[in-house]
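Engineer: Predicted structure and sequence below. I'll ask about it afterward.
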Protein chains: 2
Amino acid sequence: MATTGTSATGGMNGGQPESNVDVLIIGAGPAGIMAAAWMARMGLKARIIDKRSTKVFCGQADGLNARSLEMLDSLGFGDRAWKEANHMIEICLWNPDENGIIRRSDRVPDTPVGLSRLQQSTLHQGRIERFFLDNIKKYSNGTIQVERGVLPESLEIEQSKVEDQGAYPVTVKLRFLTEEEAAPKQLGGSKVSDGLFRSNLFQEADEDALIKQTYERAGAGETVHAKYVIGCDGARSWTRTTLGFELEGEATDMIWGVMDVIPFTDFPDIRCRCAIHSATHGSLMSIPRENNLVRLYIQLVEVKPDASGRADRSKITPELIFNAAKRILDPYKIDYEVCDWWTAYQIGQRVGTNFDAHQRVFLAGDAVHTHSPKAGQGMNISMQDCYNLGWKLGLVCRGIAKPSILKTYQSERRRIARDLIEFDNRFARLFSGRPAKDILDAEGVSMDEFKEAFVQGNMFACGLSVNYGPSNLVLKPGDAGEQGDGSAVAPPAVTMSEADFDRKQALATGIPVGMCFNSFQVLNQSDGRPWQFQKRLPADGRFRVVLFAGNIHNTQQKKRVEAFCAKLDAPSSFLHRVVGNDGRDGLHSVVEILTIHSAKRWDTELLRDFPEVLRPFRRATGWSYDKVYVDDVSYHEGFGDAYTNYGVDKKRGCVVIVRPDQYVAWVGDLEDFDEVQAYFEGCLVLKEYTTGLHPYVAADVPEGAATTDGISIAVR
Amino acid sequence: MATTGTSATGGMNGGQPESNVDVLIIGAGPAGIMAAAWMARMGLKARIIDKRSTKVFCGQADGLNARSLEMLDSLGFGDRAWKEANHMIEICLWNPDENGIIRRSDRVPDTPVGLSRLQQSTLHQGRIERFFLDNIKKYSNGTIQVERGVLPESLEIEQSKVEDQGAYPVTVKLRFLTEEEAAPKQLGGSKVSDGLFRSNLFQEADEDALIKQTYERAGAGETVHAKYVIGCDGARSWTRTTLGFELEGEATDMIWGVMDVIPFTDFPDIRCRCAIHSATHGSLMSIPRENNLVRLYIQLVEVKPDASGRADRSKITPELIFNAAKRILDPYKIDYEVCDWWTAYQIGQRVGTNFDAHQRVFLAGDAVHTHSPKAGQGMNISMQDCYNLGWKLGLVCRGIAKPSILKTYQSERRRIARDLIEFDNRFARLFSGRPAKDILDAEGVSMDEFKEAFVQGNMFACGLSVNYGPSNLVLKPGDAGEQGDGSAVAPPAVTMSEADFDRKQALATGIPVGMCFNSFQVLNQSDGRPWQFQKRLPADGRFRVVLFAGNIHNTQQKKRVEAFCAKLDAPSSFLHRVVGNDGRDGLHSVVEILTIHSAKRWDTELLRDFPEVLRPFRRATGWSYDKVYVDDVSYHEGFGDAYTNYGVDKKRGCVVIVRPDQYVAWVGDLEDFDEVQAYFEGCLVLKEYTTGLHPYVAADVPEGAATTDGISIAVR
């Protein structure tokens, strides 16, 4: 375990303790803790530091989109969030009628129907962080804990070592603050806790001064040598500044207030998410939350930035913000006794030029992109950044994957950040603009255009429209260089024409390559239990090959399945040559093979009908009963109709490669094993294949251990 | 908080510390912790003691039936059990074919379809206890914790005080054991942990000797004065013996072994629950569990009781048991490396003559009924006993309910115990018997009869066939005295003819009076979120009146709803006269009013369309948005069709009273308010109605507090 102070691998550097760590995470917000969750899950030696002394107790970002909930679920605690959260089911759009009075013009589902088994939700960020911290503690056995009140002082990359996988090329000096130094100051001056200290309207306390203060105390410093560093330190990122990277973009003149209140109101849709455009008083978005709270995003048309581009903060009070809300909602009444939190911000959209330095130091979350909180994307996109990065770092650190996959972090996530900003720009303009009075009112915002943008944007906002481009992690046609903003992303292992790709994609029209694997219900072959298939793709760092085996009782199809499995189980197969598996017992430990067949469950038997590689035998735990599924009707939960929903032919089937983050890497035919092999050769480190002997027969099983052959099974 | 040692209310008794407690629970098995969960939930001062030093680490009962899962869910942790458990979906029956070879003769769902949203599951008892302990800690703020290594020494009931609600008529002296004294001894002699020390084949260590040992230590005793005591101390219950109560019934000569193993087998249904009848080698039941474990219940045809009626324990080893399993499963092979736990038992069925003494000391679980573990009913019935008792004790202790309701514990639960034993007797006979060779084989067991019994029994076993008889807690016709085994159960508050009852029951054919309220999906009117309606009936000690309001937009129906609500909200109504509510703010705190209407959600508005009593205003938290539901189509989760499933007319509606344990107490018409009033007068303590003033207007709202009138709401 890495702790502050001298560790086993550490020493002293000018009187300062030194230590080594695989990954140092700077900042314990949503991006940082997501990175730490992966590190814990993948058994890495990692540390996570934060300059503040406390976790978040109220307010801040709290929207969890459908994809974020899927991610939390893959980590094992989606259920906790789902149970406590307020589920947002419906959005109501309110616009002025011909008399300028607001009225409900539309109702739409908050999560587009059919895209996910989970729906947009809201829950206080502090609770979400709690779930993360519990999860990190559980999987790291308590070795990874957020170290609070720790400031980074310097960061250096030893460039001669960046290609050396055994080296620790990044050196970060840390300073330890006292409790008092690390506490955020309340700036708003009101009794209600405010978030102004994080708002872009205000400047932070001087960190240099804080660091100097620490020099007066002995033992307040440490030098950490890291293989990798992730800067998750927010919009004013110290890591980004230290690397000399810029954010591109600028602030707008749109200023919004935010309040979390328990409203008393006759506004009928107060428990739905509402976008309310008043005729002349600005706009308001209401987001219902847990415990009768409602978050109000309120446009402050009265407050304008001065010549410097910044608004005068002294004008902004809860009273000013709430009065603006009252005017927008008129003729409905609104009042409150309890205000949990409030803040204000100036909309600005910026994206970083670089997401990493030498694939050794990475930036994530607000450190590389900022946008308007109203779109509810801040926390989601930040978590999703590190959900993308975490497993890649983990697999490279453990020597399982090639370091070249780390280039896909920028190529995949910078595009998402740019898309977000484009969406946010358009949305903010439409939402902050005055509604058009009629079709001739060219300066006003057309409410039809707003609705269209809203619904489109919603698709984006739920996080399920992400589509990653070609690289050695996604086998699709196209220019990997372009995808990577000109950076040298490794190309796909197989060069594919658009026509080839379309032909393969047609085998599984509901499983688009580059996008997230959607979830439908299947049954476990052995016990008939219904599973949302996505539950079988947990975030444990494994790639998965999903074999849609079709009708296994058709002689021709069975031969196809057997031929595919023979190649999969051949000694030259990637499956036997990945780093880190443990012979037969660990056969599925790096790449798991899952099967979904389309025959009737009652006609089918696991041991009789499926080749062993699909349900391997392990010492002590016996046959694997959790690998083979069937698209059949359940007793209690209806029929998932998975083949139809995934767009896969029930006779022919197909094969799908799924990445550890549940994104689809490749779709192909049962005869396309060579492409599967090429995919893994392109991204994983494979042991050399030097002997014709099956590794299992050869050496991997200790003598005397129970093996398949150790039990005489007469399969009938 | 009650702790061992002198408490604030305590003193010294002959040098021994004394303390007072509302409820003392003896035994921390499934029955005891269920009782403690209610005590925590209802804010009582309670203690729970157990003579053993440790909780259960493996083995023991582990089947959770559907009703038990619903109970755990009502307490707030059904999801934890559901997530970790192995769900048992299917039962396979295996019988000898014409050649005497076992073959699968049937497949049936383990939980009958449509009865519950949850299905039979298996999970190690230690995990279930963990969830309980976490829940008890949370709701009691850590004040209720299992005190281990504590033995009761004497119990006395001061009969002159049993009618005095303020008194502590039960005195129990406790002795504190050392860690070593409290540890169970392993008797089986094998390295694998066994459960023989709890088996009925072996005698316990001498408790009197243990108690004497404690006299040698100072401070090893305490005198507790309790309002109520619950004896949950197992089949050899000290509490029962001390009260001088008997179990009636006897042991059979059927001896079974139990093993938890990870099997290596080609038996195709090893992950389903199987009942396997071999031609000549006896029977076996397999119960799949979590982590690839399977529990095997194995008939030991070789082992017979001796003249004393007890089997020779020295013969019983894991090898003997497993060899019997091998013979039963032949020609399939079975082997294992890991055995987690094993035990053996002799089937015996007994039921207690008395379930309570003066309604001050109660017996629950194995202390009043024993049966064969194989039916998977032990833990379930034990928990269900205390799920029935806990809220009654809680409401009486808090002065909310009349003490007479405590008589229904015996009347309701003794019948269930007797039904269980009748079922178990029949089932054990059929399952232990040799299968009939053909129709002429009169001594053999007919496999058709077995299947029929199995499927019927399964209905019983899932816990959803319980139907409580008439009393002041269940308004139905019939003889309450007969229901109560001749004990003086209070009769229903309304005398009803069978015809009257049938007419009322016909208003909600899917909500049978006396049975558990089934769950279907409804939507929250305010935010459209789908809810399983049972999730809105949590175990918080509240009765509920469920108003099926029908089509609220029909003028005639709206008048009926308004008339019902006017009576409900009148100052003379039980709702305003229960003990423990807090004026308007606590209007629903003892009896919650929930509404399900059948109009379209989009046409309906909470504040405009429903009388205030259905969605009361509370200081600080505003209107109640969690009281009114609608039977409408959801965006993502389909249509619950609740009116149809509950058998309620969509125009006319009805009213249902639900007890705090989710059992249905009464069904009637919107015009039957007088019966609702009579029901609550019959079981709750109501404040006298002395003034014509509405209590809300009169006195309950402190001056200056925000009230409905404090905000001018123009409902349009």
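Structural biologist: In hand now; what should we look at? Numbering: from 1, shown residues only, chains lettered A, B, ... in the order given.

Engineer: okay, now A:Lys333: neighbour count?
Structural biologist: Residues near A:Lys333, counting by other CB atoms under 10 Å in any protein chain shown, number 16. Backbone N, C-alpha and C define where each C-beta goes, glycine included.

Engineer: And it, how far from A:Asn292?
Structural biologist: From A:Lys333 across to A:Asn292, the span is 17 Å (CB to CB, to the nearest Å).

Engineer: What pLDDT is listed against the residue of the stretch 101-250 of chain A found nearest chain B?
Structural biologist: Nearest residue of the stretch 101-250 of chain A to chain B: A:Pro109, at 4.1 Å (CB to the nearest CB). Note on A:Pro109: pLDDT of 92.

Engineer: Give me the distance between it and A:Gln359.
Structural biologist: Distance of A:Pro109 to A:Gln359, computed by CB to CB: 40 Å.

Engineer: helix, strand or coil for A:Asp448?
Structural biologist: Using DSSP: H, G, I helix; E, B strand; the rest coil as the criterion, the local structure at A:Asp448 reads helix.

Engineer: and if you look at the one 5 residues further on?
Structural biologist: When the structure is split into helix, strand and coil by three-state DSSP, A:Ala453 lands in helix.

Engineer: How many neighbouring residues does it have?
Structural biologist: Residues within reach of A:Ala453, counting by other CB under 10 Å, total 18.

Engineer: A:Gly126 now?
Structural biologist: With neighbours defined by other CB under 10 Å, the count for A:Gly126 comes to 15.

Engineer: now A:Glu248
Structural biologist: Number of residues near A:Glu248 (other CB under 10 Å) recorded here: 11.

Engineer: and what of A:Asp106?
Structural biologist: Number of residues near A:Asp106 (other CB under 10 Å) recorded here: 15.

Engineer: Mind checking what secondary structure it has?
Structural biologist: State at A:Asp106, reduced to three classes by three-state DSSP: strand.

Engineer: So it is in contact with A:Phe450, correct?
Structural biologist: No: with contact defined as CB atoms under 8 Å, A:Asp106 does not reach A:Phe450; the gap is 10.0 Å.

Engineer: list residues touching both of the two?
Structural biologist: A:Leu93 (CB atoms under 8 Å, 6 or more residues apart in numbering or on different chains).

Engineer: and chain A, what are its domains?
Structural biologist: Under automatic domain parsing, the residue ranges defining each domain of chain A are A:11-85+A:123-246+A:353-401, A:87-118+A:250-349, A:497-710.

Engineer: Mind listing residues that contact the helix or strand A:Leu93 falls within?
Structural biologist: According to DSSP states H and E, A:Leu93 maps onto strand A:90-96. Residues from elsewhere that reach strand A:90-96, judged by CB under 8 Å, 6+ apart: A:102-110, A:269, A:272-279, A:435, A:447, A:450-451, A:454, A:458, B:527-528, B:635.

Engineer: what pairs with that strand, and is each one parallel or antiparallel?
Structural biologist: Using DSSP bridges, strand A:90-96 pairs in its sheet with strand A:102-109 (antiparallel), strand A:273-277 (parallel).

Engineer: quick one on the thing from earlier: more neighbours, A:Pro109 and A:Gln359?
Structural biologist: A direct count of neighbours by other CB under 10 Å for A:Pro109 and A:Gln359 places A:Gln359 higher, at 22 against 19.

Engineer: All good on my end, thank you.
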